[in-house]
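Enquirer: A structural model of the following input is requested.
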Amino acid sequence: MARVISVYLPLWPIDRLKRQAPDAAPSPKAPLVLAGRVGNRRLVTTACARAQDLGISAGMPVSKAQAMVPGLQVLPHDPAADAASLERLALWVLQRVSPVVAVDPPDGLVIDSTGADHLHGGEDALLETLIGRLVMSGVTARAAVADTWGAAHALARYVADPMHLAEVGTAEALLSPLPLAALRLPPATLASLRTLGFACIGDLLHQPRAPLTRRFGPELCRRLDQALGHASEPIEPLRPPELVEVRRSFAEPIAAAETIAHYIGKLVVQLCATLEQRSLGARRLDLLCWRVDAHVQTVRVGLAKPQRDPQRLTRLLCDRIETIAPSFGIEILSLTAVMVEPLEARQVASSLLEAPAPDLSGLFDVLANRVGARSVYRMAPVPSDVPERSVTRVAALSDPVGVGWPDHWPRPTRLLPRPEPIETLALLPDHPPVSITWRGIRRKVARADGPERVFGEWWKRDAEMIAVRDYFRIEDEAGERYWVFRAGDGENSETGSHRWFLHGVFG
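Expert: A predicted model of the protein is given here:
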């Protein structure tokens, strides 16, 4: 079953201007509207959230808006710049989310996420990450995922807050209460439907199709069928000219795995030759398989380092052939390097005395493409005394961060994701606990070492100005060793709650 994400950017023209350089961006202190001309009239085309709260809406004369809000900022609307910037945003999404991304003008994107959600931790995590990155970049966004482009488009604009996940097969029930404008119909058709008494999509679902088609043309029923999944609506993926792409069309559709693998190898050789001419290496490849029924099957592989070795790239792509459902056959194969980096040819140094360093990038590529890039990483130290902030995840083959691991005090081999509260019996202020109760099991302490005092990072939050923790290494009667701490100095309640927590386990 196909899954489609629709991203709605309700304030895209405003957000685009606000994301410009500070000297070119409008002032954030005053309400902002964009103005355009309709004939001889100068009308508001888009209003920021503050302006909308003050009663300004799209379609209002600019003179009336300025009279309502003194000091209103009015800038010219530039639809061409909005469209170009929206395409650049779509390219950014293409490189990071899914192989099939298209612009849904004037204020949205559409993404075919079929088979791509597991690489991001599921549809929930994918939507949350996508919206989070857009919001952090200063872009107002809402998104929905559904079985069809039409359903996702409607849910993103009329239901999502800020995201909505539609269950498979629920399009009709979800669309029924939505207004007719959710069907992407022309304004004249919407006005005529309202005149006839139709208020929501559900009013049209069980109407005879022939009278509707005679009166409004085929567009109304086509949009309705596309939203419900009864008619196909293929997504034409964004392919800017600067992307390195090769494709192969077939006179007769292909379906056998061996045949697909054969032509993948040919496409990879062509792609690597083009990359070599440009002194580039691929970091992410997209294989698009266009079936005869207009559906697109996608395979995405990522690489830890830029590569243009045909054998390695072919092996990675062929390992994913089992995820391709050719159905009645594939008529076009397209291979695109959506992320590239400079890769100059280098002479391999050889030594008779020292063995060359092993290249682990091939292993990491195989693992990352099977279980997801998020699951393949290494830990790197961060300059912080607070234990949970002193380590972070980095890419498996990333460069050293330049910070060494702390060695002045022993650290546990396993640090819990978050400190877990424990019940203890201890003398204040500096004595270790005599016993602890963790996860319902009481453990008597046989040996202990500490305290090691850790101070809060006052430059990050005022609440940590005087906050401290006292850490102890303890060992129970069974020989198990734990890392526990008391929040506070044991004397002043302002320094912490004086509760005890278990934070790590020694191997």
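
Enquirer: Show me how the record splits the chain into domains.
Expert: 4-8+82-228, 244-340, 414-505 (automatic domain parsing).

Enquirer: Make TSV out of those domains and add mean pLDDT.
Expert: Putting these into TSV (pLDDT from 0 to 100) gives the following:
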stretch	mean pLDDT
domain 4-8+82-228	92
domain 244-340	92
domain 414-505	89
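
Enquirer: and residue 361, which of the ones you listed is closest to it?
Expert: Closest to residue 361 of those, according to CB to CB: domain 244-340, at 4.6 Å. Just so you know, the C-beta spots here come from the backbone N, C-alpha and C atoms, and that holds for glycine as well.

Enquirer: Now do the end-to-end distance for the closest one.
Expert: End-to-end distance of domain 244-340 (CA to CA, to the nearest Å): 9 Å.

Enquirer: would CSV of the domains of the chain with mean neighbour count be doable?
Expert: CSV is the format used below for the domains of the chain (neighbours: other CB atoms under 10 Å):
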stretch, mean neighbour count
domain 4-8+82-228, 18
domain 244-340, 17
domain 414-505, 16
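
Enquirer: Just give me the neighbour total for residue 242.
Expert: Close neighbours of residue 242, defined as other CB atoms under 10 Å, add up to 8.

Enquirer: SS state for it?
Expert: Three-state assignment for residue 242 (DSSP: H, G, I helix; E, B strand; the rest coil): coil.

Enquirer: Ok, residue 86 next?
Expert: Recorded secondary structure, residue 86: helix (three-state DSSP).

Enquirer: can you check the one 4 residues further on too?
Expert: For residue 90, the secondary-structure state derived from three-state DSSP is helix.

Enquirer: show me the contacts for it.
Expert: Residues in contact with residue 90 (CB atoms under 8 Å, 6 or more residues apart in numbering) are 101, 102, 103, 109, 238.

Enquirer: Go again with 6 Å.
Expert: Residue 90 makes contact with 101, 103, 109, 238 under the criterion CB atoms under 6 Å, 6 or more residues apart in numbering.

Enquirer: Which residue ranges of the stretch 401-507 of the chain form strands?
Expert: 414-426, 433-438, 441-455, 468-476, 481-487, 500-505 (DSSP state E, counting those that start in this stretch).

Enquirer: could you dump the fourth one to CSV, C-alpha only?
Expert: Once non-C-alpha atoms are left out, strand 468-476 reads as follows in CSV (Å, rounded to 0.1, in the frame of the first residue of the first chain):
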residue,chain,number,x,y,z
VAL,A,468,25.3,19.9,42.5
ARG,A,469,25.4,16.1,42.5
ASP,A,470,27.5,13.8,44.6
TYR,A,471,28.4,10.5,42.8
PHE,A,472,29.4,7.3,44.4
ARG,A,473,30.7,4.0,43.0
ILE,A,474,29.1,1.2,45.0
GLU,A,475,29.3,-2.6,44.9
ASP,A,476,26.7,-4.9,46.4
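
Enquirer: Distance check, the residue nearest to residue 326 when sequence neighbours are not counted against residue 230.
Expert: Nearest residue to residue 326, sequence neighbours excluded (CB to CB, 6 or more residues apart in numbering): residue 255, at 4.1 Å. Distance, residue 255 to residue 230, by CB to CB, to the nearest Å: 26 Å.

Enquirer: in what helix or strand does the residue nearest the centre of the chain lie?
Expert: The residue lying closest to the centre of the chain (CA atoms, centre = their mean) is residue 130, at 3.3 Å. Following DSSP states H and E, one finds residue 130 within helix 123-136.

Enquirer: Pull the residues that contact the helix or strand that that helix is followed by.
Expert: Sequence-wise, the next helix or strand downstream of helix 123-136 (DSSP H and E) is strand 142-146. Strand 142-146 is contacted by residues 3, 5-8, 123, 127, 131, 152, 155-156, 160, 162-166 when judged by CB under 6 Å, 6+ apart.

Enquirer: quick one: the helices in the stretch 51-200 of the chain?
Expert: 62-68, 79-96, 123-136, 149-158, 171-175, 187-195 (DSSP state H, counting those that start in this stretch).
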